Every structure is written in C-alpha cells, then in structure tokens.
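> Need coordinates for the following:
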Amino acid sequence: MKEETTPYQIRTEIECDVVCEPASEYKRTIAYHGVTITKALQDYYTFTTNQEKVAVLKWIVAQQEFTELQRYSTSENKIFTLYANQYDEILKTGETPNNMQIAQKFVSNGYDVYLLSNPKATKSADFIIRRRNCLYYVEGKTSTGGSALAMRLSDGAKQADRIAINFIGNPQINILSAEITNIFIHKVGLHSIYLFKKSRLIVIKRDMALSKKFSDVFYNLWWCKK
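So this is what the prediction gives:
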C-alpha cells in the first residue's frame, strides 16, 4: 500500500490544547507544490487530531501571499490579509467591516491576526489568531445579544471550535449566560468562546461554561471593569 504524503509537518507530541513553536518557524515558507490555501482549509476539516490541525494552520500562516495591514497593526501585534488592496479600498471609505473590528480587538488584546477569505463552496472560519507562538482557528460573529444569538453561536460552531462574538449594544446577561452553556452542551467539539465587550476580551472555555457556578462566575466576569 502506498504511503500517503502531506504538505503539512505533522507534530508527534502528545496531543494537547495547542502546539507551540519558536517564532522563527512562522517566517519560513514551507515549500510544497500543488496545494492552495483553499485546499489547506478543506484539509483542516478532515483531520481529527490537534497535531494535524495545527500543522495546517502553521502551513497557512507561512505563505507569502499574506501581507500586513500596517495602518491597523501595532508595533507589538499585526493584522495580515490575503487581499490588502481590497481592504485598503474599503477602509478608505470610512467603513470598517465586522471582521476587521474583531481583528482590531484581538490585536489590542495581544494577538496577531490572519484574515482568511471565504472560498466558494468551502467551509472556512474568519481568522487564524496567534499569541505566544500558539495558533487558533476562529470564526467571528457580531451580535446584539438578542434572539439571534443562539443562531450566531450555532452557525459559528459549525465552522470552527473557537468562536469570537463582538457585542454591539447591551445583551441581557442571564440570556447570554444560558446560551453560552447551551451551545457547549450541544456542540461537543466547541473549545472556547471569545467575547468582546467593547474592547475588553472575556474568554470562556468548555469546563467553565459547564460548571454549576457558571452563571455567577460569568456575571462577575462580565461586570468586572478590568
């Protein structure tokens, strides 16, 4: 039987939440002919182990097609895109797309962000984010926290195991808490939810959301001023 090959460098460490690499790894383009970023995203959804998935993310962010959006990056953290000219034209009109707003908030909280395109007929998430040389694949949503929140969370969980929600307005805290617990119950593959209350980031992980005291813990997190 012919051994299958892959362009992605599969890690051999014991499976864990994320795999960390030296920062220099992300500056190196992995040479492989015949694979596109779209195909890499398709492959991501077929893999089942953390090592395989992280290897795909590493390969994607190493591609030279990404360029920095300098005016929306900082000296510490960067936003990268495949279509810099397209974003520059949109941003010159004074309009900031929802995903860009989320990207900027990730940057202000210490993450680098790689904005991904939405290939036709291919499931994909909106971002790859990086912090301390760890990579995460994230779907972004914008919500008022109203009746559509459950649908936003459900749709996001179909695209990635991490969801970022940028809230506009003032969601009802008890409804928000209940919907977060509910989505973790029904989506067993969901790992984390990133909540942006204005510029402040609140990270909710599975074990926290499913704890008996979550509603109280979440209330305190939401109203904490730091």
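> Checking the residue nearest to Y45 when sequence neighbours are not counted next. Helix, strand or coil?
The shortest distance from Y45 to any non-neighbouring residue, by C-beta to C-beta, 6 or more residues apart in numbering, is to K123 (6.0 Å). The C-beta positions use only the backbone N, C-alpha and C, and glycine is treated the same way. Classification of K123 using DSSP: H, G, I helix; E, B strand; the rest coil returns coil.
> which residues touch the helix or strand harbouring G140?
Per DSSP states H and E, G140 falls inside strand 134-143. Strand 134-143 has contacts (C-beta atoms under 8 Å, 6 or more residues apart in numbering) with 18-20, 44, 53-54, 57-58, 61, 98-99, 101-102, 125-130, 149, 152-153, 155-157, 159-168, 171, 192, 194.
> and if you look at stretch 184-201?
17, 102, 105-106, 108-109, 136, 138, 153-154, 157, 161-167, 180, 183, 202-206, 209-210, 222.
> part of a strand, is I193?
Yes: judged by three-state DSSP, I193 forms part of a strand.
> Show me what it is bridged to.
Beta-bridge pairing for I193 (DSSP bridges): I163, I204.
> what's the burial count for it?
25 (other C-beta atoms under 10 Å).
> how close does the residue nearest the centre of the chain get to L201?
Residue closest to the mean C-alpha point of the chain, counted by C-alpha atoms, centre = their mean, is V138 at 1.8 Å. V138 is 12 Å from L201, where distance means C-beta to C-beta, to the nearest Å.
> Go ahead and report the secondary structure state at V188.
Per three-state DSSP, V188 ends up coil.
> Let me know the distance separating A62 from I128.
As for A62, its distance to I128 is 11 Å (criterion: C-beta to C-beta).
> need the next SSE after the lowest-mean-pLDDT helix or strand in the chain, C-terminal direction.
Lowest on mean pLDDT, DSSP states H and E among the helices and strands of the chain sits helix 84-92, with a mean of 67. Per DSSP H and E, the first helix or strand lying C-terminal to helix 84-92 is helix 98-108.
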